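*Asks:* build the 3D model from these lines:
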Amino acid sequence: MKKLILVRHAKSSWEHNVIDHERPLNNRGFKDAGLVSANFKDSRYDVDVILSSDAVRAKTTANIFVSNLDIDASMVRLNHDLYDFSGYNLIETIKSTDDVTDTLMIFGHNHAITAFVNTYGDRYIENVPTSGVVVIEFDITGWNKLKQGKTIQTLFPRDLK
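*Replies:* Presented below is the predicted three-dimensional model:
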């Protein structure tokens, strides 16, 4: 069995004159990421590997979650391929994960996150919101055998307000 924890980056700010890759979080983004990650801690998943897009908003979201989940920050690996909106690179990154990894956590972007959960999970989600978490369990022994799994948990900011 493999578990995948997908986190869409927190709400970003459009107030700064920076390229998309460098956009920071806004105040709501910081608050929502803190709220969701503090509540997600109760789920107690034993995460083996954490991958994050190298975009500022994804890295910052990952850092907030890692801090609130009491995970060693050195576990976070930045992956430019996860700066992906179509979902192709997201799928390829997951499929190429080492099979010794049982629980994989990924911080990424929409449309890729929502498309993935609706293709590989068993519950339709219209839109995974910013700071949203979706956990999917797969009955597979290797990530390269990725097939539809079971959506076992969702946690969105609106569920906590």
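*Asks:* average pLDDT for stretch 43-59, rounded please.
*Replies:* For stretch 43-59, mean pLDDT is 96.
*Asks:* how about that stretch, which residues are buried there?
*Replies:* By 16 or more other Cβ atoms under 10 Å, the buried positions in stretch 43-59 come out as 47, 48, 49, 50, 51, 52, 53, 55, 56, 57, 58, 59. In this view, the C-beta of every residue, glycine as well, is placed from N, C-alpha and C.
*Asks:* and which of the residues you listed is nearest residue 98?
*Replies:* Set against residue 98, the nearest of these by Cβ to Cβ is residue 49 (7.8 Å).
*Asks:* re earlier: take the buried residues of stretch 43-59 and keep only those in helices.
*Replies:* Those of the buried residues of stretch 43-59 mapping onto helices are 56, 57, 58, 59, per DSSP state H.
*Asks:* residues in contact with the second one?
*Replies:* Remark: with contacts taken as Cβ atoms under 8 Å, 6 or more residues apart in numbering, residue 57 is in contact with 9, 10, 12, 23, 24, 25, 29.
*Asks:* that one and residue 147, how far apart?
*Replies:* Separation of residue 57 from residue 147 (Cβ to Cβ, to the nearest Å) stands at 30 Å.
*Asks:* now the last one
*Replies:* Counting by Cβ to Cβ, the gap from residue 59 to residue 147 is 30 Å.
*Asks:* and for residue 107?
*Replies:* Look at residue 107 and residue 147: by Cβ to Cβ, they are 23 Å apart.
*Asks:* neighbour count winner among the two?
*Replies:* Neighbour count, other Cβ atoms under 10 Å: between residue 107 and residue 147, residue 107 has more, with 31 against 8.
*Asks:* mind listing what that one touches?
*Replies:* Going by Cβ under 8 Å, 6+ apart, residue 107 touches 7-9, 50-53, 58-59, 61-62, 65, 82.
*Asks:* distance to residue 37 added to these, as CSV?
*Replies:* Converted to CSV, those look like this (distance: Cβ to Cβ, whole Å):
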residue, distance to residue 37
7, 9
8, 13
9, 12
50, 12
51, 16
52, 13
53, 17
58, 14
59, 14
61, 9
62, 10
65, 4
82, 18
